[in-house]
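[1] My questions are about this predicted structure, shown below with the sequence.
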Amino acid sequence: MIKFLKLYEKLGIFILIILASVFLAIVSPNFRNMDTILGIIMQGSYGAIIAVGMTLAITSGGFDLSVDAMMGLTSVILAMLIPQMGFALAIIIAILASCFVGMINGVMITKVGISPLIMTLAMAVILRGSSLLITGGRQVVIAQKSFMAIGALKVFNYIPAPIIYMVVIFVVFYILLNQTTFGRHIAAVGSNEQAARMSGLNVTVIKTLVYVLVAFTASIVGIIRTSQTLIGIPTMAPGFTLNVLTIAILGGTSLAGGKGNLIGTIFAGIFISMIYYGLNLLNVQIFYQFLSVGIVLLFALFIDGLRIRYLESAKIKGISI
Amino acid sequence: MDESKVLLNSKQKAGNFIGSFGLIIILLVIFGFFSLLIPKVYFTWPNLLDMIRFSSFVGIGAIGMTFCIMTGNFDISVGSMLALAGVLGASLVPRISGVGGVAVTIIAASLLGLINGIFVTKLRIPAFITTLGMLFIYRAIAYIYTNNNPQYIQDRFWISIGNKNFLGLPLPIYIMAACYGIAYLLLRKSPVGRYIIAVGTNNRAAALSGIKVDNVKIWVFTLVGLFVGIAAVINASMLGAANPGMMGDGWEFQVITAVVLGGTALAGGSGSLGGTLIAALIIIFLKTGMSNAQVNSYWQQVATGLVLIFAVSINKLKFWLIGQTQ
């Protein structure tokens, strides 16, 4: 069983993707077309980019429920600032604002000791309220058409830009998590915070930085989405946090902390996008998307639960893993 | 008890003070503030009764959540449970009468709670994330079941539950009082309460001393569902309809805030039903006050988030002062 679970951890998401691909290729002739596939990957990149940040947070033993509200905040800041200062500066300010919010999350969680659940849940409500306050509850249209290039551009007239962003962010975060001391510290904090503290790691700084990074990824997706629609939407992407958490857990990152699987995260993002594509083929209402993501999350949790349970029993029996 | 109080230093006294009187003072300050600000609207007997009537909705839902958080768990799906049970009961009224609809609502919510409990205990995953998934699943089922149409309630029995008076007081106040009475007996005078506290204080120790931890948790989640069902009946009655999208949207937030503000430790093991009740009143008094004073509803949203963070910080301060670690 342990062998199976270890194998699943490495290959499970690929098997799911292959099964889904075969199914879609049979059901839908359009799926055999490269544009459709790139479109699916692009749709998956939004969730995958934030899930990369979320994977870091889960690895450090926490998580962030305020990412969808951060996207809304980013969108609103862009819409308000672009007419005044052009989009380069507006983007920088929007990213910094999100990172600042992430820092507040991190400081409150580490210094005051509020649980990540309560802190980020409350932050989500506060951010939603603030975003609505900034625009007075309205959606704000952005007049600068050139801003659209950021999210809607196709590299070589072929690959949608969000896919490129996803790959870049993945590579940077992959190196960060797996090749640097900071990455090892994140894993150390996640697997045993007490021990990490005892061995002299600055847990406060590490955890706070992780929440800043999550906020950073959320603001990137906020920018992409805003640029594609050219509208600042304070209520952007309600419930998107569930998608992001599902992607991270489905990708093989354990809620127990200490172990992040970024490759799995990226492919899980694409898998969720394939499910959406399949549901669109069936022409069902949007509620079925919520339902399907919820069920996929429960499935991923079930596998994670099995893994935790078997690892525990293996430890008791003295089997080395 | 008395002996231990003598030995408390000033820090611990301050901590105890925050715990026992702080909430009542906050409630009085809020009531006094809005009474001075808008006396004609706020400081009236009908408004006071109305506010208590509305607080029953949050207050009753928070009873189950108090039990749940005391065991060290969490149910974030209560808002969706409320909607799903509500639309289910309301849709069946024409076929099985109002009494039947009310019964179905309460039973359905209890079953949803039971499902939550089974998933949480059998999957061995932190409850918050399992119930986060359930939040979306239940809401989606409510949408799909009703095709996103509100279910109007025309039955006189169901409508009167939330709106009629008895001896000059609205019925929901009696229902809330009864719920808190039963919950108090359950928590303080029956083995159930001791099991809950034992499981919340130390899972493993409870298991070793022969308590079936999983069963206790499953029952606690079912209790959450039961009280959510009662709240759903009252809420649907006040609104005259059960709406799959609007009903209970963001309600979990108020309920959790009430429990945490009431002094229940998030780590489990200790909690106070009285605190939860007063905290529910605080939330509604504040919300009504802000609405009456015509504060922008977005500000209200920001304020609810800040209140929750404030509540948790105060709790932390209290336990730090008493010298207990959470």
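    Ah, there it is.
[2] chain center to stretch B:187-199: distance?
    When distances are taken as C-alpha atoms, centre = their mean, to the nearest Å, stretch B:187-199 is centred 19 Å away from the chain's centroid.
[3] Show me what counts as buried in that stretch.
    When neighbours are counted by 16 or more other C-beta atoms under 10 Å in any protein chain shown, the buried residues of stretch B:187-199 are found to be B:187, B:192-193, B:195-199. Every residue, glycine included, has its C-beta placed from N, CA and C.
[4] ok, now stretch B:153-171?
    Under the neighbour-count criterion of 16+ other C-beta under 10 Å, stretch B:153-171 has B:153, B:155, B:158-159, B:161-162, B:170-171 buried.
[5] show me where chain A has helices.
    With helices called from DSSP state H, chain A shows them at A:2-27, A:34-59, A:67-107, A:116-135, A:149-152, A:161-179, A:181-191, A:193-198, A:203-229, A:240-250, A:262-282, A:287-317.
[6] Can you add distance to chain B and give these back as CSV?
    Putting the helices of chain A into CSV (distance: least, C-beta to the nearest C-beta, whole Å) gives the following:
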stretch, distance to chain B
helix A:2-27, 14
helix A:34-59, 10
helix A:67-107, 10
helix A:116-135, 3
helix A:149-152, 26
helix A:161-179, 21
helix A:181-191, 14
helix A:193-198, 13
helix A:203-229, 15
helix A:240-250, 5
helix A:262-282, 12
helix A:287-317, 4
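[7] nearest to residue B:244, of these?
    Residue B:244 lies closest, by C-beta to C-beta, to one member of the helices of chain A: helix A:287-317, at 9.0 Å.
[8] ok, residue 139 - how many residues close by?
    You didn't pick a chain, so chain A it is. Close neighbours of residue A:139, defined as other C-beta atoms under 10 Å in any protein chain shown, add up to 15.
[9] look at chain B instead
    26.
[10] Now it: which helix or strand?
    With secondary structure defined by DSSP states H and E, residue B:139 is part of helix B:127-146.
[11] After that helix, which helix or strand is next? Please name it.
    Per DSSP H and E, the first helix or strand lying C-terminal to helix B:127-146 is strand B:151-152.
[12] What is that next one packed up against?
    For strand B:151-152, the elements it packs on are helix B:78-123, strand B:241-242, judged by 3 or more C-beta pairs under 8 Å, 6 or more residues apart in numbering or on different chains; DSSP states H and E.
[13] Now with 6 Å, please.
    Packing partners of strand B:151-152 (3 or more C-beta pairs under 6 Å, 6 or more residues apart in numbering or on different chains; DSSP states H and E): helix B:78-123.
[14] the inter-axis angle of the helix it packs on versus helix A:287-317?
    Calculated by axes from the mean of the first three to the mean of the last three C-alpha atoms, to 10 degrees, helix B:78-123 forms an angle of 30 degrees with helix A:287-317.
[15] Show me the shaky parts of the chain.
    All of this is about chain A. Counting by pLDDT under 70, chain A has low-confidence residues at A:1-2, A:9, A:318-321.
[16] Can you look at chain B instead?
    Counting by pLDDT under 70, chain B has low-confidence residues at B:1-20, B:323-326.
[17] Spatially central, which residue of it would that be?
    Centroid-nearest residue in chain B: residue B:62, 1.4 Å away (criterion: C-alpha atoms, centre = their mean).
[18] wait, doesn't it sit right on residue B:275?
    No: with contact defined as C-beta atoms under 6 Å, residue B:62 does not reach residue B:275; the gap is 10.0 Å.
[19] and the closest residue to residue A:301 other than its chain neighbours, backbone torsions?
    On the basis of C-beta to C-beta, 6 or more residues apart in numbering or on different chains, the spatially nearest residue to residue A:301 that is not a chain neighbour turns out to be residue B:125, at 4.6 Å. Backbone dihedrals for residue B:125, given as degrees, to the nearest 10, come out at phi -120, psi 150.
[20] Inside strands: which ones of the buried residues of stretch B:153-171?
    With strands defined by DSSP state E, the entries of the buried residues of stretch B:153-171 inside them are residue B:170.
[21] hmm, which two among the buried residues of stretch B:153-171 are most spread apart?
    Considering C-beta to C-beta, no two members of the buried residues of stretch B:153-171 lie farther apart than B:155 and B:170, which are separated by 18.5 Å.
[22] Just name the most buried of the helices of chain A.
    Of all the helices of chain A, helix A:240-250 carries the top mean neighbour count, a mean of 28, counting by mean count of other C-beta atoms under 10 Å in any protein chain shown.
[23] For residue A:201, grab the count of nearby residues.
    Residue A:201 is flanked by 18 other residues according to other C-beta under 10 Å.
[24] which residues touch it?
    When contacts are counted by C-beta atoms under 6 Å, 6 or more residues apart in numbering or on different chains, residue A:201 is found next to residue A:185.
[25] Swap in 8 Å and give it another go.
    Contact criterion C-beta atoms under 8 Å, 6 or more residues apart in numbering or on different chains gives A:185, A:188-189 as the residues in contact with residue A:201.
[26] And the closest residue to residue B:162 other than its chain neighbours, how far from chain A?
    Leaving out its chain neighbours, the residue that sits closest to residue B:162 by C-beta to C-beta, 6+ apart is residue B:237, at 3.1 Å. When C-beta to the nearest C-beta, to the nearest Å is the yardstick, residue B:237 and chain A sit 26 Å from each other.
[27] Please state the offset of the host helix or strand of residue B:237 from the chain centre?
    Counting by DSSP H and E, the element that carries residue B:237 is helix B:213-239. Counting by C-alpha atoms, centre = their mean, helix B:213-239 is centred 9 Å from the centre of its parent chain.
[28] and what of stretch B:304-317?
    16 Å.
[29] mind exporting the helix holding residue B:139 as CSV, just the C-alpha atoms?
    Provided in CSV are the C-alpha atoms of helix B:127-146 (Å, rounded to 0.1, in the frame of the first residue of the first chain):
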residue,chain,number,x,y,z
ALA,B,127,-12.1,19.4,9.4
PHE,B,128,-11.8,22.9,7.9
ILE,B,129,-10.7,21.7,4.5
THR,B,130,-13.2,18.8,4.3
THR,B,131,-16.0,21.2,5.2
LEU,B,132,-14.6,23.8,2.8
GLY,B,133,-15.2,21.3,0.0
MET,B,134,-18.7,20.6,1.5
LEU,B,135,-19.4,24.3,1.5
PHE,B,136,-19.2,24.3,-2.3
ILE,B,137,-20.9,20.9,-2.8
TYR,B,138,-23.9,21.7,-0.7
ARG,B,139,-24.4,25.1,-2.2
ALA,B,140,-24.1,23.6,-5.7
ILE,B,141,-26.7,20.9,-4.9
ALA,B,142,-29.0,23.6,-3.6
TYR,B,143,-28.6,25.5,-6.9
ILE,B,144,-29.1,22.4,-9.0
TYR,B,145,-32.1,21.2,-7.0
THR,B,146,-34.0,24.4,-7.2
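[30] Is it positioned near chain A?
    Yes: using C-beta under 8 Å from any C-beta of the partner chain, a contact is recorded between helix B:127-146 and chain A, made by B:128-130, B:132-137, B:139-141, B:143-144.
[31] just to revisit the earlier point, run through the residues that contact the residue nearest to the centre of chain B.
    For residue B:62, the set of contacting residues under the criterion of C-beta under 8 Å, 6+ apart consists of B:255, B:258-259, B:262, B:276-277, B:279-280.
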